[in-house]
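# Need coordinates for the following:
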Amino acid sequence: MFEFCANPDTLGTVQWFACYFTTGKLFNFYGAFGTVLVLLLITAPTALAFGFLGAMSARSHIAPLSWLGKAYIAIVRGVPDIAFFMFFVIALDQGFEYLRHQALCPDWDQPIRQGNDFIVCQAAKLPLSTSPQWIHEVYGFLLAVLTFSIVFGAFAANVLFGAMRAVPRGQMETAEAYGMSHRQAFWRVLVPQMWMYAMPGLGNLWMILIKATPLLFLLGVEDIVYWARELGSSVNPRFSDYPHGDWRMGFFFFLLVFYLCFTRVSEIFFDRLSRRLAHGQAIATGGAS
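I've put the predicted structure just below:
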């Protein structure tokens, strides 16, 4: 970035660091923070939508729908997260390619499953081999977002299901006695009040989601953990323009501070949001806060 960076061997300490922290590789590291924030901004509402649908299904009076909702909550909550993260990325990718294969290659006469190999026609591959690199990166990121949403949606469903049950039944009965249908009572009475009960659990889930973002590294997305490990290493030949010792401790300490600050800001936000939602709401004991 600076003109004096042309010859790193002649730089003083301050100039060396100025050049080092403005290299393209370091800008990839800085951009990875944006990747994490975008993941959270997309995943949080998407997982909440999955959770709301799961909770509604679990409390449904239609038995198969209730079984489906409860099974979704139980299965995802009962299996280690990393197993689902690794499974869903592969399953979703192959599922999308299979659907495209059926639509685009009807004359294909070979089995798709050939031993351990999953083979579809070239036109069905996602993304296409001729696609630019950014398409491959965006596709991988979207698979990661969908995987995060499915997994954390199950936890959100469990929180919302419990919050729905925490709203006093008498309030629903009173609403229906005043002439509201069950659907109207659900949307006008139960849903507005359930957030007060759900907020502590959703706040904790948000914290867990923040701490789970390093799993992007395992899903093939170059996130901040990936770049911290690569840039901090002293043996990686990709970054030999500015050689240094093993600085991984320093990079990971920076990530520690980042996550601590991020979670602290989140705690303050959820605390204020909880107080605002609870203002004037009737609680289970019959009082109002």
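# Name the helix or strand for residue 175, please.
Assigning secondary structure by DSSP states H and E places residue 175 in helix 169-177.
# any idea of the mean pLDDT in that helix?
Across helix 169-177, pLDDT averages out at 84.
# Counting by contacts, list what it packs against.
helix 182-185 (3 or more Cβ pairs under 8 Å, 6 or more residues apart in numbering; DSSP states H and E). The C-beta positions use only the backbone N, C-alpha and C, and glycine is treated the same way.
# Can you list the buried residues in the helix it packs on?
Neighbour counts using 16 or more other Cβ atoms under 10 Å place residue 185 of helix 182-185 among the buried residues.
# And stretch 263-282, what's buried?
By 16+ other Cβ under 10 Å, the buried positions in stretch 263-282 come out as 266, 270, 274, 277.
# Next: stretch 95-113.
Buried positions in stretch 95-113, judged by neighbour count with 16+ other Cβ under 10 Å: 97, 100, 101, 112.
# would JSON lines of those residues with distance to residue 181, pLDDT and secondary structure be doable?
Listed next are the buried residues of stretch 95-113 as JSON lines, based on distance: Cβ to Cβ, whole Å; pLDDT from 0 to 100; DSSP: H, G, I helix; E, B strand; the rest coil:
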{"residue": "97", "distance to residue 181": "44", "pLDDT": "88", "secondary structure": "helix"}
{"residue": "100", "distance to residue 181": "43", "pLDDT": "89", "secondary structure": "helix"}
{"residue": "101", "distance to residue 181": "45", "pLDDT": "88", "secondary structure": "helix"}
{"residue": "112", "distance to residue 181": "48", "pLDDT": "85", "secondary structure": "coil"}
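# Below-threshold pLDDT in the protein: ranges please.
Scanning the chain for pLDDT under 70 picks out the ranges 1-4, 6-11, 234-241, 279-289.
# switch to 50 and redo it
Low-confidence segments of the chain, defined by pLDDT under 50: 284-289.
# what helices or strands is the strand or helix carrying residue 15 leaning on?
Assigned by DSSP H and E, residue 15 falls within helix 13-20. For helix 13-20, not one helix or strand is in contact under the criterion 3+ Cβ pairs under 8 Å, 6+ apart.
# and it, C-alpha only, in PDB?
Coordinates of the C-alpha atoms in helix 13-20 are reproduced here as PDB (Å, rounded to 0.1, in the frame of the first residue of the first chain):
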ATOM      1  CA  THR A  13      10.200  -1.700  12.800                       C
ATOM      2  CA  VAL A  14       7.300   0.800  12.600                       C
ATOM      3  CA  GLN A  15       7.400   0.800   8.800                       C
ATOM      4  CA  TRP A  16       7.600  -3.000   8.700                       C
ATOM      5  CA  PHE A  17       4.500  -3.300  10.700                       C
ATOM      6  CA  ALA A  18       2.700  -0.600   8.700                       C
ATOM      7  CA  CYS A  19       3.500  -2.600   5.500                       C
ATOM      8  CA  TYR A  20       2.600  -6.000   7.100                       C
END
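# just checking, next helix/strand downstream of it?
Assigned by DSSP H and E, the successor of helix 13-20 is helix 24-58.
# Now that following helix: buried residues?
Going by neighbour count (16+ other Cβ under 10 Å), the buried part of helix 24-58 is 26, 29, 32, 35-36, 39-40, 42-44, 46-48, 50-58.
# Kindly report the same for stretch 168-188.
Buried, per 16+ other Cβ under 10 Å, within stretch 168-188: 168, 172, 175, 180, 185, 186.
# I'd like those residues as TSV, with distance to residue 245 appended.
Converted to TSV, those look like this (distance: Cβ to Cβ, whole Å):
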residue	distance to residue 245
168	62
172	65
175	67
180	69
185	66
186	61
